[in-house]
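Undergrad: Sequence first, then the predicted structure, then my questions.
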Amino acid sequence: MSPPIFFISFFLCFSTEITPYLFSFLNKIWDSVRMTILIEQPEFGIEVEEKKVPNSEKDLVLDGGFVQPHANAFGHNFRDYEAESERQEGVEIFYKTNHINQTYEFVKKMREEYGKLDKVEMSIWECCELLNNVVDESDPDLDEPQIEHLLQTAEAIRKDYPNEDWLHLTALIHDLGKVLLLPSFGELPQWAVVGDTYPVGCAFDESIVHHKYFKENPDYNNPAYNTKFGVYEKGCGLDNVFMSWGHDDYMYLVAKENKSTLPSAGLFIVRYHSFYALHRAGAYKHLMNEEDEENLKWLKVFNKYDLYSKSKVRIDVEKVKPYYLSLIEKAKQLDSLTKDLFYRLVLSVSLSSKETGN
Ligand SMILES: O[C@H]1[C@H](O)[C@@H](O)[C@H](O)[C@@H](O)[C@H]1O
Ligand SMILES: [Fe+2]
Ligand SMILES: [Fe+2]
């Protein structure tokens, strides 16, 4: 029997009379967002990912005041998949299973199944709380519950980019797709939910973590899927590329299918934040189009916070909750033109009728 399938969806609701005003308002905001991308692209100044753990106890400081720890919570460099750490073995086993099973056919099937949205609602905050007991087995840098990670990321960004509400919200929701691990969302195995992502349907790039395990993936020897371009064309745009299935693509589908008004850069972050082969190693650029290039700049900014905010220092959830609730709440009040947020997000989770008995 196929597992019950559950869906999350965003709703955008606004009254018809204000729609024209709203669009000009949105355009203005979007223009300023675009300007920011072009003009104020932050430079972090330090090639942090290249550095080895410094001997000095001093932490590195990124632009805007965010302090990047000199090592991860286990005393190693961030994203060191070879370091003998207590997480190493589990993470490697995770990637072995992931690389063997993520095939073009599998991804197609999952996108079709999880792309059918249904209608039971849940607030964004409730969804965050569901991640209270979720630990990500693919992550060498963090073994804390995922709600911590959402807030660690969002809080770090908020400090350096206090005016980019869309980015705070993007950070808050970027990993919500990990609910796929929970029984009520189909209880997918970790290999189908977390970890770095990469395109399927073309050759697996060598920069992908634990690349050697792809040799056991059926697509590895399939001439239709194992060339540089595979089933794709030069510059086709990442939107036309099938990514390995997991929390990123799931959340992206949710947002897109429901016409979320998160800026395109926000959606791009949600969909590609685990695509390290692209945003760190520069692989697969031949598949990108111009819009991807533009959005990639924001993704690189986001990544610093997503990665280097991981720590054992817990966020005081109750303390920051009012801010995020107000962010979500303000976003819901879209019928008032005085509000400065331009999207309404209502997270909606659908239960199959079998499950709910409806
Ligand atoms: O282990 C982590 C984790 O699963 C993150 O959520 C994902 O975005 C990263 O790419 C991955 O390396
Ligand atoms: Fe993630
Ligand atoms: Fe994350």
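TA: Good, I have the coordinates. Ligands and ions are numbered 1, 2, ... in the order given.

Undergrad: Can you report how many residues neighbour Thr227?
TA: Other residues within reach of Thr227, judged by other Cβ atoms under 10 Å, total 12. Every C-beta, even on glycine, is put in place using the N, C-alpha and C of the backbone.

Undergrad: element containing it, please.
TA: Assessed by DSSP states H and E, Thr227 sits outside every helix and strand.

Undergrad: domain ranges for the protein?
TA: 1-37+334-358, 39-315 (automatic domain parsing).

Undergrad: and those domains, which one's lowest on average pLDDT?
TA: Sorting the domains of the chain by mean pLDDT places domain 1-37+334-358 lowest, at a mean of 33.

Undergrad: circling back to that earlier point, can you say which of the domains of the chain is nearest to ligand 2?
TA: domain 39-315 (4.3 Å; Cβ to the ion).

Undergrad: Out of the domains of the chain, indicate the one that is most buried.
TA: Each of the domains of the chain was scored by mean neighbour count; the highest is domain 39-315, a mean of 18, by mean count of other Cβ atoms under 10 Å.

Undergrad: that older thread, got CSV for the domains of the chain, with distance to Ser326 too?
TA: Shown next, in CSV, are the domains of the chain (distance: least, Cβ to Cβ, whole Å):
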stretch, distance to Ser326
domain 1-37+334-358, 10
domain 39-315, 10
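
Undergrad: Now distance to ligand 2 too, for the ones you listed, in TSV please.
TA: Putting these into TSV (distance: least, Cβ to the ion, whole Å) gives the following:
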stretch	distance to ligand 2
domain 1-37+334-358	15
domain 39-315	4
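
Undergrad: so which of those domains comes closest to Ile328?
TA: domain 39-315 (5.2 Å; Cβ to Cβ).

Undergrad: close to ligand 1, is the closest one?
TA: Yes - residues of domain 39-315 contacting ligand 1 under Cβ under 6 Å from any ligand atom: 136, 138-139, 175, 194-196, 273-274, 276.

Undergrad: OK, now which residue of the stretch 201-350 of the chain is nearest to ligand 3?
TA: Asp306 (4.4 Å).

Undergrad: Give me the phi and psi angles of the nearest residue to that residue once chain neighbours are set aside.
TA: Among residues not flanking Asp306 along the chain, Thr153 sits closest, at 5.2 Å (Cβ to Cβ, 6 or more residues apart in numbering). Here is the backbone geometry of Thr153 (degrees, to the nearest 10): phi -70, psi -50.

Undergrad: same thing with Met243?
TA: Dihedral angles (degrees, to the nearest 10) for Met243: phi -100, psi 150.

Undergrad: Asn240 now?
TA: Main-chain dihedrals, Asn240, degrees, to the nearest 10: phi -100, psi 10.

Undergrad: The nearest residue to it once chain neighbours are set aside and Pro199, how far apart?
TA: Excluding the flanking residues, the one nearest Asn240 by Cβ to Cβ, 6+ apart is Tyr232, at 6.9 Å. To Pro199, Tyr232 is 8 Å away according to Cβ to Cβ, to the nearest Å.

Undergrad: Can you check which residues contact both of those two?
TA: 241, 287 (Cβ atoms under 8 Å, 6 or more residues apart in numbering).

Undergrad: hmm, back to that, correct me, but the residue nearest to Asn240 touches Ala203?
TA: No - between Tyr232 and Ala203 there is no contact under Cβ atoms under 8 Å: 10.7 Å.

Undergrad: now the strands for the stretch 201-350 of the chain?
TA: With DSSP state E, counting those that start in this stretch, the ranges of strands along the stretch 201-350 of the chain come out as 348-350.

Undergrad: any idea how far Ile328 lies from ligand 1?
TA: Distance of Ile328 to ligand 1, given as Cβ to the nearest ligand atom, to the nearest Å: 21 Å.

Undergrad: what's near enough to touch Trp125?
TA: With Cβ under 8 Å, 6+ apart, Trp125 has these contacts: 321, 324-325, 328.

Undergrad: now do Phe106
TA: Listed by Cβ under 8 Å, 6+ apart, the contact set of Phe106 reads 200, 245.

Undergrad: Does it fall in a helix, a strand, or a coil region?
TA: helix (DSSP: H, G, I helix; E, B strand; the rest coil).

Undergrad: and the nearest residue to Leu188 once chain neighbours are set aside, what does it touch?
TA: Nearest residue to Leu188 in three dimensions, chain neighbours excluded: Leu180, at 4.6 Å (Cβ to Cβ, 6+ apart). Contacts for Leu180 (Cβ under 8 Å, 6+ apart) come out as 186, 188, 192-193, 246-247, 250.

Undergrad: Fine by me, thanks again.
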